[in-house]
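A.B. asks: Have a look at this fold, sequence not included:
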């Protein structure tokens, strides 16, 4: 199938445009106001797809709009710098949400102490700034690339090389990561992709289609919603946070689809050989917390690094070793 841009084959579209930036562009800017003043932004425009990239959040992804409709949930905190701490406060005061918040690179989930080292809620990745190495519009795609390092003197040195791309004329965003152990000793990475979807995609009656062979609740609050895990409830004045673990088929390329009664949908594609675990997070609280999180991960626990070690889930990455990870997000805007 020939790729198109606004109904014309791409090569023809290039001939019709006065400048490619009319329809496809990648632009860098600096925030000058608000809680994230001084932080960098990269805007990717691909036809009717408009994506915000956050270099000072490890090249995570902010809002995604298609045909003007927002698909990501963003919180009222914005994206100020995160200062990791021993409890949840640093995270909750600066978790802006966005299409993608990467959790890791050495821990995700609950805070924990593993082998004498404290790991904050969802790890340190979101507090790390990226070195942006490429922003480019080619004949066929828009590309942003960069490097993020979690490193300490005489200790761990993990490098994540990220490539974000969108084929021209598509509504697909592809995130490809290489985690490289640059240190002198083996390290056990833990990575979770916290994908956050919001209203109007997520609302009463929105359906989650999961390839899971089984779904388990994290706790009593989730157990109360287990019978309807796949259908988003009506937002209420107060709604408890619910987390479910999905058991996925092994070593397959699978799709997770979130579909709105309005016709809009998001397809999330993952390779379970690389991301064998999946968590679902949902809150249906009508004052700002109507959110559905889809969270592929490297290990099937959301209880932190100490729990992962106790259950024998951690896998060493040797010095010089490379771990390939990634996720695809494709949008159908609906009517």
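C.D. replies: Alright, I've got the coordinates. Just so you know, these numbers come straight off a predicted model, no measurement behind them.

A.B. asks: show me where the stretch 201-335 of the chain has helices.
C.D. replies: Here the stretch 201-335 of the chain has its helices, by DSSP state H, counting those that start in this stretch, at 220-223, 305-310.

A.B. asks: Residue 139: which of these is closest?
C.D. replies: Counting by Cβ to Cβ, residue 139 lies closest to helix 305-310 out of the helices of the stretch 201-335 of the chain; the figure is 43.5 Å. Backbone N, C-alpha and C define where each C-beta goes, glycine included.

A.B. asks: what does that closest one contact?
C.D. replies: 106-107, 109-110, 112-115, 119, 188, 190, 299, 301, 314 (Cβ atoms under 8 Å, 6 or more residues apart in numbering).

A.B. asks: The host helix or strand of residue 165: which residues count as buried?
C.D. replies: Secondary structure from DSSP states H and E places residue 165 in strand 157-167. Using 16 or more other Cβ atoms under 10 Å as the test for burial, strand 157-167 gives 157, 158, 159, 160, 161, 162, 163, 164, 165, 166.

A.B. asks: Report the contact partners of the closest residue in space to the first one that isn't next to it in sequence.
C.D. replies: Nearest non-adjacent residue to residue 157, counting by Cβ to Cβ, 6 or more residues apart in numbering: residue 183, 3.8 Å away. With contact set as Cβ under 8 Å, 6+ apart, residue 183 has these partners: 151, 155, 156, 157, 158, 319.

A.B. asks: Export the buried residues of strand 157-167 as JSON lines, with columns for pLDDT.
C.D. replies: Formatted as JSON lines, the buried residues of strand 157-167 follow (pLDDT from 0 to 100):
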{"residue": "157", "pLDDT": "98"}
{"residue": "158", "pLDDT": "98"}
{"residue": "159", "pLDDT": "98"}
{"residue": "160", "pLDDT": "98"}
{"residue": "161", "pLDDT": "98"}
{"residue": "162", "pLDDT": "98"}
{"residue": "163", "pLDDT": "98"}
{"residue": "164", "pLDDT": "98"}
{"residue": "165", "pLDDT": "98"}
{"residue": "166", "pLDDT": "98"}
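
A.B. asks: State the pair within those residues that is farthest apart.
C.D. replies: Across those (Cβ to Cβ), the longest gap, 30.8 Å, separates 157 and 166.

A.B. asks: Residue 257 versus residue 264, what's the distance?
C.D. replies: Per Cβ to Cβ, to the nearest Å, residue 264 is found 11 Å from residue 257.

A.B. asks: What of residue 72?
C.D. replies: 16 Å.

A.B. asks: Which residue is the nearest non-sequential neighbour of the residue nearest the centre of the chain?
C.D. replies: Closest to where the C-alpha atoms of the chain average out (Cα atoms, centre = their mean) is residue 100, at 2.4 Å. With Cβ to Cβ, 6+ apart as the criterion, residue 100 has its nearest non-adjacent residue at 4.0 Å, and that residue is residue 61.
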